[in-house]
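K.L.:
A structural model of the following input is requested.
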Amino acid sequence: MAEHGRPLHGQLANVPHAPGPVTGVALVDGALATFECRPWSLQEAGDHVLVLGEVVGLRAFPTEEPALVHYRGRFEELR
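P.N.:
This is a model prediction of the structure:
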């Protein structure tokens, strides 16, 4: 949950990650896929700002495990 004023540094201190090759953003180790994005547009949405991004880097890793996705209000396996 987002909190105003939460410290930026150290949030991934206990999560294995590495910098992305394109943008340097933190990419979580063991993810099925990673996306690196650059901000493209900012949209006001009530008391939030939506950041729309342009994908500038994508890596997907082969696995035999099914992916877990959220679709139509529930979690399902994607095979």
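K.L.:
who touches the stretch of helix or strand residue 75 belongs to?
P.N.:
When elements are defined using DSSP states H and E, residue 75 is found to belong to strand 74-78. Applying Cβ atoms under 8 Å, 6 or more residues apart in numbering, the contact partners of strand 74-78 are 66-70. For every residue, glycine as well, the C-beta is placed using N, CA and C.
K.L.:
what of stretch 43-60?
P.N.:
20-23, 27, 32-42.
K.L.:
quick one: mean pLDDT over it.
P.N.:
Stretch 43-60 shows a mean pLDDT of 95.
K.L.:
if we can go back for a sec, tell me the two of the contacts of stretch 43-60 that are most distant?
P.N.:
Maximum pairwise distance in the contacts of stretch 43-60, criterion Cβ to Cβ, is 28.5 Å, between 32 and 42.
K.L.:
and these two? Which one has more around it.
P.N.:
More crowded of residue 32 and residue 42, by other Cβ atoms under 10 Å: residue 32, with 14 against 10.
K.L.:
so that one sits right up against residue 61, yeah?
P.N.:
Yes: the pair residue 32 / residue 61 is scored as a contact, 6.0 Å apart, by Cβ atoms under 8 Å.
K.L.:
now the strand or helix carrying residue 38: buried residues?
P.N.:
For residue 38, the element it lies in under DSSP H and E is strand 33-45. For strand 33-45, the buried set under the neighbour-count rule, 16 or more other Cβ atoms under 10 Å, comprises 34, 36-37.
K.L.:
what is the neighbour count of residue 59?
P.N.:
Using other Cβ under 10 Å, residue 59 is surrounded by 14 other residues.
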